[in-house]
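A.B. asks: what shape does this take:
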Amino acid sequence: MPTPSDLPAPTAPGAAEHLGPPPLNPGDDRAGYETLVARLVAEVRPCGVIEEDAVRLAAEMMWEGARVRRLKAKLMTISAEPGMRHVLRTAGVDFTEAHELAQRWAARELAAVAKVDAVLDAAGLDIHHVMAKTLALNIGEIERIDRMAAAAETRRSAALRELVLFRDTTFAARLRGAVAAAAADGEFTEVPAAVAALAPAAAA
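C.D. replies: Residues are numbered from 1 along each chain as shown. So this is what the prediction gives:
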């Protein structure tokens, strides 16, 4: 396998702009995305359009996975009102009051927040019980979001595997060509240990 010193200079972070604009949604941090791409470029050192594309795809999938996990947390927050309503009913609050109190709690009215805390405490409950109920009420959506995150991680890993395979294949081809040229010219001299170690694998 080639070492970093065997590789050409890496492509600049912005060189993949021909692949189109970054896939950012409203609210996404463009600077954060560009930092991620730059760090991947520095670590992977892509050379040529194929490697650039693989790194860009890996960055997009890393970003997508992180985004959907953030959105899952936002969904839990925005959906907490029904969860609170169910828990208040469990704690003995009547339906109408539980509905109104949950709405005011979700709006973060201080008096409602204090009353909810008192009701939950008296019943031996807390915000974790509320979020557990919220999760149960949204389990279908949560599972779909988790599958989206897992799919993004799978695509990221696949992109990096393809990059490694492409890089190993092209490096082996260059090595075979160099060995064949040296043999044809009768220019065999002492072969560096690192190249000698690679030659059997390249010839396979």
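
A.B. asks: could you give the number of residues near Glu153?
C.D. replies: 14 (other CB atoms under 10 Å). For every residue, glycine as well, the C-beta is placed using N, CA and C.

A.B. asks: test my guess that it contacts Ala58.
C.D. replies: No. Contact between Glu153 and Ala58 fails when scored by CB atoms under 8 Å: they sit 10.5 Å apart.

A.B. asks: any idea of the mean pLDDT in the top helix by length along the chain?
C.D. replies: When secondary structure is assigned using DSSP state H, the longest helix within the chain turns out to be helix 139-185. Averaging the model's pLDDT scores along helix 139-185 yields 84.

A.B. asks: check the offset of that helix from the chain's centre.
C.D. replies: Helix 139-185 has its C-alpha centroid displaced from the chain centroid by 17 Å (CA atoms, centre = their mean, to the nearest Å).

A.B. asks: can you tell me the closest non-neighbouring residue to Leu135?
C.D. replies: Counting by CB to CB, 6 or more residues apart in numbering, Leu135 lies nearest to Ile142, which is 6.4 Å off, once chain neighbours are set aside.

A.B. asks: which outside residues touch the helix or strand hosting Ala111?
C.D. replies: Following DSSP states H and E, the helix or strand that holds Ala111 is helix 110-122. For helix 110-122, the external contacting residues (CB atoms under 8 Å, 6 or more residues apart in numbering) are 84, 87-88, 91, 93, 101-102, 104-105, 126-127, 129-130.

A.B. asks: and the next helix-or-strand element following that helix, which residues are buried?
C.D. replies: Towards the C-terminus, the helix or strand next in line after helix 110-122, according to DSSP H and E, is helix 127-137. When burial is assessed from 16 or more other CB atoms under 10 Å, helix 127-137 yields the following buried residues: His129, Val130, Met131, Lys133, Thr134, Leu137.

A.B. asks: please apply the same query to stretch 57-70.
C.D. replies: With burial defined by 16+ other CB under 10 Å, the residues of stretch 57-70 counted as buried are Leu57, Ala58, Ala59, Glu60, Met61, Met62, Trp63, Glu64, Gly65, Arg67, Val68.

A.B. asks: among those, which are located in helices?
C.D. replies: With DSSP H as the criterion, helices contain Leu57, Ala58, Ala59, Glu60, Met61, Met62, Trp63, Glu64, Gly65, Arg67, Val68 from among the buried residues of stretch 57-70.

A.B. asks: for those, give me JSON lines that also has pLDDT and distance to Arg147.
C.D. replies: Written out in JSON lines, the entries for these read as follows (pLDDT from 0 to 100; distance: CB to CB, whole Å):
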{"residue": "Leu57", "pLDDT": "92", "distance to Arg147": "19"}
{"residue": "Ala58", "pLDDT": "93", "distance to Arg147": "20"}
{"residue": "Ala59", "pLDDT": "94", "distance to Arg147": "21"}
{"residue": "Glu60", "pLDDT": "94", "distance to Arg147": "18"}
{"residue": "Met61", "pLDDT": "95", "distance to Arg147": "14"}
{"residue": "Met62", "pLDDT": "94", "distance to Arg147": "17"}
{"residue": "Trp63", "pLDDT": "95", "distance to Arg147": "17"}
{"residue": "Glu64", "pLDDT": "95", "distance to Arg147": "13"}
{"residue": "Gly65", "pLDDT": "94", "distance to Arg147": "11"}
{"residue": "Arg67", "pLDDT": "94", "distance to Arg147": "14"}
{"residue": "Val68", "pLDDT": "95", "distance to Arg147": "9"}
